[in-house]
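J.: need coordinates for the below:
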Amino acid sequence: MGLLCPGQLEVLVLALLSLLPGLEGVDIMDLIIYVIFIFISMAIFTLFGQRIQVWRLLSQVKASVHKLKMMRDEGRRIAIEALEELGADGDGVAREVDRFIEHFAIEPESMDPAGVVWKLERILDVREQKFLDEVRRIAPEASDDEVHNLEGLLEAALALNVLYKVVRHYYLLGKKTASLYIIAQLQMLMPLIMKAARAYADALVAFRDGQPIGDGIGALVAAKLMHGRPIKQIAKDTVVAEVELDGRLAYVVKAEGPGAKVGKPGEAVKKLLEELEGVRAVIFIDAAVKLEGEKTGEVVDGIGVAIGGPGVEKFKVEEISLKHKVPFYSILIKVDISEAISPMKKEVVEAADEAVSRLKELIGEVTEEGDKVIIVGVGNTMGIGQ
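T.: Here you go, the predicted structure:
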């Protein structure tokens, strides 16, 4: 079939006009131009629509990549200034920070899963010691607590660097391949990525100033219970105190503060269960990530081992529980994921007293007077002493 000649096109338009009421009297040439414009627009969007969409999404992601770069650079600047204030060599500290934020850890081989937890623990221990040694070498005048705070500061800067580099990688890959699917997925994830990046940016200030963070609420509750009591070290960076609590003998465990430490709560619980007889319950107190719409600082009950992180410490407790048959309970304080690593909010601080009250109620429900219980305040104890 050949193309319509101008006369045939006019006849077709007139026929269409007769079928569409309300268009009588419309100028024929204007309508023809409008129809041609519609067909041309449809052809353009059919041929180039996906490419136009890719360009639009790329411009949105590019703006986010720029913001991430600014956050990464700000984290680097804060780390350099904090190290220089503690006696680091001004000429070489920038080079040392750049080298530090490029560190990465290689996960153990899990093709044969037997023993992989202990391999992971070994890698994490070596990584932590390497980072602490790096900080002590760069800032030899820093105290032990300042060294741990600086290590946390550099970890936050490292996380921002990783976020920026990964997002930049997929942005450039999508731009290079003009793949709508790569760019669309990245653009959909950007709000969550930017939320995490802003949380790490807030964490920079907290670690620089040694302020308690939301993740330390479990340690704060434990500190309230053991304050003024004799303490002893039971595991690496972890202390325990004996506390009389409503007629029960409670062994309260937390990371040793006020430096930015998380300790080894799982190792501490394992040792206590092996040394003590007649332990009736182990209660963990920790921050928990809340869902959107839930209230910050809400205190809830749980069952099981509330220890976050890579899972090594949680595994230790769960393994020993099979032998001793001791029930595990949890008291969780709800925080947003960004609030967990940023300076502790007023609502979270106030929740500590409510958590202590709920802890006493729980002990009365699951134990009797004269029983022994283990209470574990889980979390980063920066800015929180004993």
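J.: helices and strands around the helix or strand where residue 198 lies, which ones?
T.: Assigning secondary structure by DSSP states H and E places residue 198 in helix 180-209. Contacts of helix 180-209 with other secondary structure elements, assessed using 3 or more C-beta pairs under 8 Å, 6 or more residues apart in numbering; DSSP states H and E, are made with helix 28-85, helix 144-177, helix 337-340. In short, each C-beta sits where N, CA and C put it, glycine included.
J.: right, and those - which one's nearest residue 94?
T.: Go through the helices and strands packed on helix 180-209 one by one with C-beta to C-beta and the one that ends up closest to residue 94 is helix 28-85, at 5.5 Å.
J.: got the helices and strands packed on helix 180-209 as JSON lines, with mean neighbour count and mean pLDDT columns?
T.: Listed next are the helices and strands packed on helix 180-209 as JSON lines, based on neighbours: other C-beta atoms under 10 Å; pLDDT from 0 to 100:
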{"stretch": "helix 28-85", "mean neighbour count": "15", "mean pLDDT": "79"}
{"stretch": "helix 144-177", "mean neighbour count": "20", "mean pLDDT": "92"}
{"stretch": "helix 337-340", "mean neighbour count": "20", "mean pLDDT": "88"}
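J.: would you turn these into JSON lines with distance to residue 137?
T.: Supplementary listing: the helices and strands packed on helix 180-209 in JSON lines, determined by distance: least, C-beta to C-beta, whole Å:
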{"stretch": "helix 28-85", "distance to residue 137": "11"}
{"stretch": "helix 144-177", "distance to residue 137": "10"}
{"stretch": "helix 337-340", "distance to residue 137": "30"}
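J.: which of those sits closest to residue 202?
T.: Minimum separation from residue 202 across those (C-beta to C-beta) falls at helix 337-340, 7.0 Å.
J.: how far does that closest one sit from the chain's center?
T.: On the basis of C-alpha atoms, centre = their mean, to the nearest Å, the separation between the geometric centre of helix 337-340 and that of its chain is 7 Å.
J.: show me the contact partners of that helix.
T.: Contacts of helix 337-340 with the rest of the structure, by C-beta atoms under 8 Å, 6 or more residues apart in numbering, involve 195-196, 198-199, 202, 213-215, 287, 289, 296, 345, 348.
J.: between these, which is closest to residue 127?
T.: Closest approach between the contacts of helix 337-340 and residue 127, by C-beta to C-beta: residue 215, at 19.0 Å.
J.: can you pull out the strands in the stretch 251-386 of the chain?
T.: Under the criterion DSSP state E, counting those that start in this stretch, the stretch 251-386 of the chain contains strands at 279-289, 299-303, 328-335, 372-377.
J.: and the next helix or strand past the helix holding residue 198?
T.: Scanning forward in sequence from helix 180-209 by DSSP H and E, the next helix or strand is helix 217-226.
J.: related to what we said a few turns ago, give the buried residues for the helix holding residue 198.
T.: Within helix 180-209, the residues scored as buried using 16 or more other C-beta atoms under 10 Å are 182-183, 186-187, 190, 193-194, 197, 199-204, 206-208.
J.: just stretch 359-375 next, same as before
T.: Those would be 359, 362, 363, 367, 371, 372, 373, 374, 375, for stretch 359-375 by 16+ other C-beta under 10 Å.
J.: kindly export it (C-alpha atoms) in PDB.
T.: Backbone C-alpha positions of stretch 359-375 (Å, rounded to 0.1, in the frame of the first residue of the first chain) are rendered in PDB as follows:
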ATOM      1  CA  LEU A 359      14.600  -5.500  83.200                       C
ATOM      2  CA  LYS A 360      13.600  -5.700  86.800                       C
ATOM      3  CA  GLU A 361      10.100  -6.800  85.800                       C
ATOM      4  CA  LEU A 362      11.500  -9.500  83.500                       C
ATOM      5  CA  ILE A 363      13.900 -10.800  86.200                       C
ATOM      6  CA  GLY A 364      10.900 -11.100  88.600                       C
ATOM      7  CA  GLU A 365       9.000 -13.000  85.900                       C
ATOM      8  CA  VAL A 366      11.600 -15.600  84.900                       C
ATOM      9  CA  THR A 367      13.700 -16.100  88.100                       C
ATOM     10  CA  GLU A 368      13.300 -16.400  91.900                       C
ATOM     11  CA  GLU A 369      15.100 -14.700  94.800                       C
ATOM     12  CA  GLY A 370      18.600 -16.200  95.200                       C
ATOM     13  CA  ASP A 371      19.000 -17.000  91.500                       C
ATOM     14  CA  LYS A 372      21.900 -15.900  89.400                       C
ATOM     15  CA  VAL A 373      21.400 -14.000  86.200                       C
ATOM     16  CA  ILE A 374      23.700 -12.600  83.500                       C
ATOM     17  CA  ILE A 375      22.800  -9.100  82.100                       C
END
